[in-house]
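Q: My questions are about this predicted structure, shown below with the sequence.
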Amino acid sequence: MGARVTILQSFVRLLFWCILPVIGFTAPMIVLMLLIHAVYQFFTHTQMVRKLGFLEYFLVTPSHHRVHHGSNEKYLDKNYGGFFIVWDRLFGTFAEEKEKVKFGLTKPLTSRSLIWQIFHVWVELYAAVILEKRWVNKLKILFGKPDLINPNIRKKAEIFFLTKKVKGKISDLFKQYIVYQMAFSLITVILLLYFSGSLKIWETYVTSIGIVLTLINCGAIMEQHKWVFHLEFARFVLLVIAVGFYDVQFIFPGVLVLSVFLVYYSSLQRFYFSRYLSPSPLNSI
């Protein structure tokens, strides 16, 4: 899934690449390498290409990278390389594709929530460290292999964080609502990247936060979480703030509308969920 590329990965990559200018690499050289590496990833993520002969000895091929994404026991923690496979061969993390790859996690997530997909591992890691009594074992969990974490922790964490849901079937209206939101988010991301040089810093931040909230909102609707209405209200508050920053004359009307929304918050929430769920077949008889 695309969500495997977490928000924290951007910071890790930044720390790695920012060293290169210090040791003498120019900006065009770094950009060119990033572009080549990014394009090469499209080639490695396929099941159409099988073995590539002698190239298998030094390049990361689709066969090697399929192993990296496999949940087979013999494929775990293997083939980390992005371009050259020689490093995995040197450091003992290489595995050849011999049996059919089972893609995904060893224990699949039960949620489609963007938040849970990104942060579940941190919740599980925290719980595992807290539950472990010996400090030596705590350090092993923090710096050791993922299989040191008790697999039962995820099930308990999902029960604790993901059970508060609305019962019923999502209406067709809200399914369309999700599609429109995703399309709007994609268009907004493209425009944000295109006009990033001419936007003010607050415009970039507010737009980025709005996109993230929208993606979380779509996942919350599909997961039927009860707190989805609170997230909808948070997006509306963000919109009012953005409009207020853009033109101060809209601040007072925005605050007035927010005040009305707060007064009738419970009624609006009930109305929202009345449209959220499909009518029961019993109600149509």
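A: Thanks, I have the structure now.
Q: what residues are up against Asn79?
A: Going by Cβ atoms under 8 Å, 6 or more residues apart in numbering, Asn79 touches Val60, His64, His65, Val67, His68, Ile85, Asp88, Thr93, Phe94, Ala95. For glycine as for every other residue, the C-beta is placed from the backbone atoms N, C-alpha and C.
Q: give me that answer again for 10 Å
A: Shown in contact with Asn79 (Cβ atoms under 10 Å, 6 or more residues apart in numbering): 44, 60-61, 63-70, 85, 87-89, 93-97.
Q: Ignoring the adjacent residues along the chain, who's closest to it?
A: His68 (4.2 Å; Cβ to Cβ, 6 or more residues apart in numbering).
Q: What residues sit buried inside stretch 86-97?
A: Asp88, Phe94, Ala95, Glu97 (16 or more other Cβ atoms under 10 Å).
Q: State the phi and psi torsions of the nearest residue to the second one once chain neighbours are set aside.
A: Spelled out, that is Phe94. Spatial nearest neighbour of Phe94, excluding adjacent residues (Cβ to Cβ, 6+ apart): Asp88 at 4.0 Å. Note on Asp88: backbone dihedrals following degrees, to the nearest 10 are phi -70, psi -40.
Q: any idea where the helices of the chain begin and end?
A: Ranges of helices in the chain, per DSSP state H, are 7-17, 19-22, 27-44, 62-68, 86-91, 114-131, 135-143, 152-162, 172-194, 201-223, 228-246, 251-263, 265-276.
Q: quick one: low-confidence ranges for this protein?
A: Counting by pLDDT under 70, the chain contains low-confidence ranges at 1-7, 112-114, 160-168, 277-285.
Q: Residue ranges of each domain in it, please.
A: The chain is divided into the following domains under automatic domain parsing: 2-91, 114-162, 172-276.
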